[in-house]
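Engineer: let's see this in three dimensions:
(4 chains)
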Number of protein chains: 2
Amino acid sequence: MSDRARATDVPAGYDPSEFPAFAVTVDIVILTMADGRLQVLLVRRGIAPYEGMWAIPGGFKRPNETLDEAATRELAEETGVDGAAVLNQFGAYGDPGRDPRMNVVTVAYLAVLRDIGQVIAGTDAAHAALVPVSDALDGQLELAFDHAQILRDAVERVRVDLELRGIATAFVGSTFTLAELRAVYEAVWGVHLDGANFRRSILSEEGWVIPTGRRARPGASGGKPAELYRAGRMWQQGGGPIRFPQTSEKRKGKK
Amino acid sequence: MSDRARATDVPAGYDPSEFPAFAVTVDIVILTMADGRLQVLLVRRGIAPYEGMWAIPGGFKRPNETLDEAATRELAEETGVDGAAVLNQFGAYGDPGRDPRMNVVTVAYLAVLRDIGQVIAGTDAAHAALVPVSDALDGQLELAFDHAQILRDAVERVRVDLELRGIATAFVGSTFTLAELRAVYEAVWGVHLDGANFRRSILSEEGWVIPTGRRARPGASGGKPAELYRAGRMWQQGGGPIRFPQTSEKRKGKK
DNA sequence: TACGGTAACGGTCGTGATGACCAATACCAA
DNA sequence: TTGGTATTGGTCATCACGACCGTTACCGTA
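Structural biologist: Coordinates of the predicted model:
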């Protein structure tokens, strides 16, 4: 009982060197949509350990910056993207053996970007690549450190955030069709959504999307050209217009 | 572009001392229900900085343990509680000035306990106390470090977890009445729930609560004695039977 | 220019979840 | 015995939402 106090308090004879020192890093799981699938930006490690393996980009936190600032800086260094539109911390990882060199505690961030294709295109493909998350988590791709777990947690987080926070529009361009937005939900959640119902959910409440009056060019397969929308103010309030489908078991049977 | 590689990779001439060293701590926000209100366990700091102020309990992470293990150990040291029934990491905090002594990055955990009253009772009241979170966040109580922010984030997290994870039963004893369980939701969410509707939601699906056949003794104010239940298996699957009330605006008007 | 294919668009229908509300029951305290 | 209180069981109206159908508008090709 008497050592309760010691657990929180610093001993009288304080000396920083008495406390275990850790390196603190910030890792950023950068997600984007490409080819209708959820993809993650990975970099190839140049040196040991895990040399040549794919890893989540990241770097060391500096003493004079906050964790959020470190994440913003790393994101800019990796992609050149400045505005941290969607950059959320989602976990800390500090297993003793996660880095064979020394004690490293990493704080993981999730970033959602659009139009990352050109960024990658300007880079050596051997160094950075956009990989479908399904491929990265199938075990086909072996990730360095505990990055497979971090990626799994990130994907789980983005699935939740898609419903509870307004991050859906972060995946698409400044103007978009409802089909493009629907594709985000379908790719992240791995479900099929009825186009008409999706449209109704979005349009029934004011402020989610704003029609621009312009129309998108139909794809190669034809079809009626879709209206182009801009993101409304509602996305910033947290929460979204689309809920994850319930597929109630009673409803299932009556299909 | 060329320094992208350096952001993730360790320079060839590797020397641990080149990288900024941080102390890593684990702070645990311990929440419980008492007097029908959500309360948090705080400890009083014995030494500078912030000497004499209330703080969230925590301690240094050791090099040979994981973050989760550190949190479990600290929880046991603080409360004597062994089983980490509900112990979730919810954030990391590393602002440069958050600890005036040195660079400290802390990883925050949320613990939900029941029957913590006796634990506190056996302790010097000047050292540890159970404080209603509303009081702790009103600004009435000034917390050390950035612990006010950590506590705010913890409360936000428990509100979400109450709906999405099965943590409601962690607040109550091994047997409980539906009114006790409802009080958990009402205290955490700060809303009023209709007793009859609450009952229907819980009982409509099998596996949430299991009747014991025994009845609770009515409180001092009388009333029909309530059935005592045990927690069912459904709570462990994640998700809960009660959703946060929507209070749709259309419904609001027709009250 | 006519025609088939495709996808957006607009609407209907049935079901289930849920908030509001009411009445009966069962216990305590005075 | 009586009044008060809280549990328990039930009804009702509303509404969100999945399933589904038909129309519209544009494409490419014959």
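Engineer: parallel or antiparallel, which strands does the lengthiest strand in chain A pair with?
Structural biologist: The longest strand of chain A (DSSP state E) is strand A:21-34. When sheet partners are counted by DSSP bridges, strand A:21-34 sits next to strand A:37-44 (antiparallel), strand A:58-60 (antiparallel), strand A:104-112 (parallel), strand B:22-34 (antiparallel).
Engineer: format these as JSON lines; extra columns: mean pLDDT.
Structural biologist: Rendered in JSON lines, the data for the strands paired with strand A:21-34 read as follows (pLDDT from 0 to 100):
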{"stretch": "strand A:37-44", "mean pLDDT": "94"}
{"stretch": "strand A:58-60", "mean pLDDT": "94"}
{"stretch": "strand A:104-112", "mean pLDDT": "97"}
{"stretch": "strand B:22-34", "mean pLDDT": "96"}
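Engineer: compare the ones you listed and give me the one nearest A:Pro218.
Structural biologist: strand A:37-44 (21.4 Å; CB to CB). C-beta coordinates here come from the backbone N, C-alpha and C atoms, glycine included.
Engineer: can you pull the buried residues of stretch A:206-217?
Structural biologist: A:Trp208, A:Val209, A:Ala216 (16 or more other CB atoms under 10 Å in any protein chain shown).
Engineer: ok, the residue of the stretch 1-150 of chain A found nearest DNA strand D - contacts?
Structural biologist: Relative to DNA strand D, the nearest point of the stretch 1-150 of chain A is A:Gly36 (19.7 Å; CB to the nearest atom of the strand). Residues in contact with A:Gly36 (CB atoms under 8 Å, 6 or more residues apart in numbering or on different chains) are A:Ala183, A:Ala187.
Engineer: got it, and A:Arg182?
Structural biologist: A:Arg182 neighbours (CB under 8 Å, 6+ apart): A:Leu193, A:Gly195, A:Phe198.
Engineer: out of the residues you listed, who's the most crowded?
Structural biologist: Most neighbours among the contacts of A:Arg182, by other CB atoms under 10 Å in any protein chain shown: A:Phe198, with 18 neighbours.
Engineer: can you tell me the helix or strand for it?
Structural biologist: helix A:195-204 (DSSP states H and E).
Engineer: ok, that helix near chain B or not?
Structural biologist: No - for helix A:195-204, no contact with chain B is found by CB under 8 Å from any CB of the partner chain; the gap never falls below 11.1 Å.
Engineer: the closest residue to chain B within the stretch 1-150 of chain A pairs with what?
Structural biologist: Here the stretch 1-150 of chain A gets closest to chain B at one residue, A:Ala21, 3.7 Å apart by CB to the nearest CB. Beta bridges link A:Ala21 to B:Ala23 when assigned by DSSP bridges.
Engineer: surely A:Ala71 and A:Tyr109 touch.
Structural biologist: Yes - between A:Ala71 and A:Tyr109 there is a contact under CB atoms under 8 Å: 4.3 Å.
Engineer: separation between A:Val158 and chain B?
Structural biologist: Computed as CB to the nearest CB, to the nearest Å, the A:Val158 to chain B distance reads 15 Å.
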